[in-house]
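Enquirer: With the sequence up front, the predicted model follows.
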Amino acid sequence: MTAPDSAAPAGAPAAAPPPAPGNLNFVLICVFIDMLGIGLIVPVLPLLVGEFTGSRDDQSYWFGIMSATFGLMQFIFMPMLGAFSDRVGRRPVLLYSMAGMCVNFLATAWAPNLACLFIGRVIGGMSSASMSVASAYASDISTPDNRAKSFGKVGAAFGLGFICGPMLGGLLGSVDLHLPFYVAAALSAANFAYGYFAVPESLPASRRAPFSIAKINPFAALVKLARRRDIRGLIVTFALVTCAQMMLQTTWVLYTTFRFDWTPGQNGAALFCVGVTAAVVQAGLLGVMIKRFGEVRLALMGLASGCLTYLFYGLATHGWMMYVLILCNVLAFAVGPALQAIISKQTPHDEQGELMGSLQSISSIGVIFMPLIGAAILGKVSHLPAGDWRIGTTFFVCAAMQAAAIVVARRYFSNHHMEAKP
């Protein structure tokens, strides 16, 4: 009996399976709405925590606890939900994520005390898997030729949602602190209904993988990264930069509220400036900057710019200075992509996906610990007068981490004969 003409010759590599039926627009809407919802609450959640605490110290402490709890739940459950999506399909996990985020926003809006706010953060962290599973959905329905384009669209939706979210959240929060949470819940509910009634599954049963405990170990990626001695200096640099960014992000709203008496609207506008500046640099200017300076020199220049900006954030005496510093800190937004490019070039082609996942795990660890450290520091200095320079201690710590990153990076580049020029 002869084999069918379509059979592949023995020993030939298996052809890539054809893309599954699906709806990329659903993925884009899903990611955009999730990030919009998360961005909506950024300018108002720290202030909502303040409604249930009696002092700035307590407000900083409990906001740090809740931010770290969200990060811990996300760190634990993201690989678990990703593995479940390989076993049961993408659609059920995405629907679970949307429903969970809706419950999270409602629980936060209705919370009568800190305990209920805490429960909402737990639910949110357990549900926030949409980005990773949405990327897997996009991969399922794309051909190898257009997969990168699909991922680019997912990344653009992610960025656009986080650019628009804080601005809208600040405007709504200026009316009522609970309003952004209701709007975010409504968006999540609408996204769930759209996915439930209009979107097909992207992962056929024939392509599903068995579930295993090894796949859900959130520390596996960190262990593998720690074994890369050849790029240890770059990894330490990336970790220091990431931790400084996480401390900045989780203390920004409380700091500007304590020092400059900013409203949610003013914080939303500032975070909008951050998002737009990052998008302009990373989507428009990055290629030109790398061509002009080279990745090594650009990384060092960006690290220096970030270090000085952190220092000036802590020393600023008027709120308008923060906007100026954001817009002047253009080079710092190129550090992450430049470092990732340098690290990627030191890694074999077939290990790129694992590498990027491992770097993301560093960010996840930063989300857990930096809010605790930043909130503890801010709480200790929050009672000081607004004009006292010591109230900017959190930013001085960020500047110190950035300075340490410069030292480590320069030493690595020098030891590996990587010149700081194009």
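Expert: Nice, I can see it.
Enquirer: Against L172, how distant is F181?
Expert: 9 Å (C-beta to C-beta, to the nearest Å). Using the backbone N, CA and C atoms, a C-beta is placed for each residue, glycine as well.
Enquirer: all helices of the stretch 251-400 of the chain, in order?
Expert: 264-280, 286-293, 295-315, 320-328, 335-345, 352-381, 393-415 (DSSP state H, counting those that start in this stretch).
Enquirer: what's the answer for the stretch 51-200 of the chain, then?
Expert: Using DSSP H, counting those that start in this stretch, helices in the stretch 51-200 of the chain cover 56-88, 90-110, 114-127, 130-140, 147-175, 179-198.
Enquirer: So which of the ones you listed is nearest Y323?
Expert: Across the helices of the stretch 51-200 of the chain, Y323 has its closest neighbour in helix 147-175 (13.4 Å, C-beta to C-beta).
Enquirer: roughly how far is that closest one from the heart of the chain?
Expert: In terms of C-alpha atoms, centre = their mean, to the nearest Å, the centre of helix 147-175 is set 12 Å apart from its chain centre.
Enquirer: Double-check A157 against V31; I have them as touching.
Expert: Yes: using C-beta atoms under 8 Å, A157 is in contact with V31, at 4.4 Å.
Enquirer: Which of the two has more residues huddled nearby?
Expert: V31 (27 against 23; other C-beta atoms under 10 Å).
Enquirer: Okay, and that one sits in which element?
Expert: Per DSSP states H and E: V31 is located in helix 24-41.
Enquirer: Can you give the distance from that helix to the centre of its chain?
Expert: 13 Å.
Enquirer: what angle do that helix and helix 90-110 make?
Expert: For helix 24-41 against helix 90-110, the angle by axes from the mean of the first three to the mean of the last three C-alpha atoms, to 10 degrees is 20 degrees.
Enquirer: Not counting the next helix or strand after helix 24-41 itself, show me its contacts.
Expert: In the C-terminal direction, the helix or strand that comes right after helix 24-41 (DSSP H and E) is helix 45-50. Residues outside helix 45-50 that contact it (C-beta atoms under 8 Å, 6 or more residues apart in numbering): 56, 59, 62-63, 66, 108, 111, 114, 117, 173, 177-178, 253-254, 257, 264.
Enquirer: Show the average pLDDT along helix 45-50.
Expert: The average pLDDT for helix 45-50 rounds to 89.
Enquirer: Run the chain-centre distance for it.
Expert: Mean-position distance between helix 45-50 and its chain equals 21 Å (C-alpha atoms, centre = their mean).
Enquirer: What residues of the helix holding V31 count as buried?
Expert: Neighbour counts over helix 24-41 (16 or more other C-beta atoms under 10 Å) mark 24, 26-41 as buried.
Enquirer: Convert the C-alpha atoms of it to PDB, please.
Expert: Backbone C-alpha positions of helix 24-41 (Å, rounded to 0.1, in the frame of the first residue of the first chain) are rendered in PDB as follows:
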ATOM      1  CA  LEU A  24      -7.500  38.800  15.600                       C
ATOM      2  CA  ASN A  25      -9.800  41.800  16.200                       C
ATOM      3  CA  PHE A  26     -11.100  40.100  19.300                       C
ATOM      4  CA  VAL A  27      -7.500  39.700  20.600                       C
ATOM      5  CA  LEU A  28      -6.800  43.400  19.900                       C
ATOM      6  CA  ILE A  29     -10.000  44.600  21.600                       C
ATOM      7  CA  CYS A  30      -9.400  42.200  24.500                       C
ATOM      8  CA  VAL A  31      -5.900  43.500  25.200                       C
ATOM      9  CA  PHE A  32      -6.800  47.100  24.700                       C
ATOM     10  CA  ILE A  33      -9.800  47.000  27.000                       C
ATOM     11  CA  ASP A  34      -7.900  45.100  29.700                       C
ATOM     12  CA  MET A  35      -5.100  47.600  29.600                       C
ATOM     13  CA  LEU A  36      -7.500  50.500  29.400                       C
ATOM     14  CA  GLY A  37      -9.300  49.100  32.500                       C
ATOM     15  CA  ILE A  38      -6.000  48.700  34.400                       C
ATOM     16  CA  GLY A  39      -4.900  52.200  33.400                       C
ATOM     17  CA  LEU A  40      -8.200  53.700  34.500                       C
ATOM     18  CA  ILE A  41      -7.600  52.800  38.100                       C
END
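Enquirer: Alright, I will stop here.
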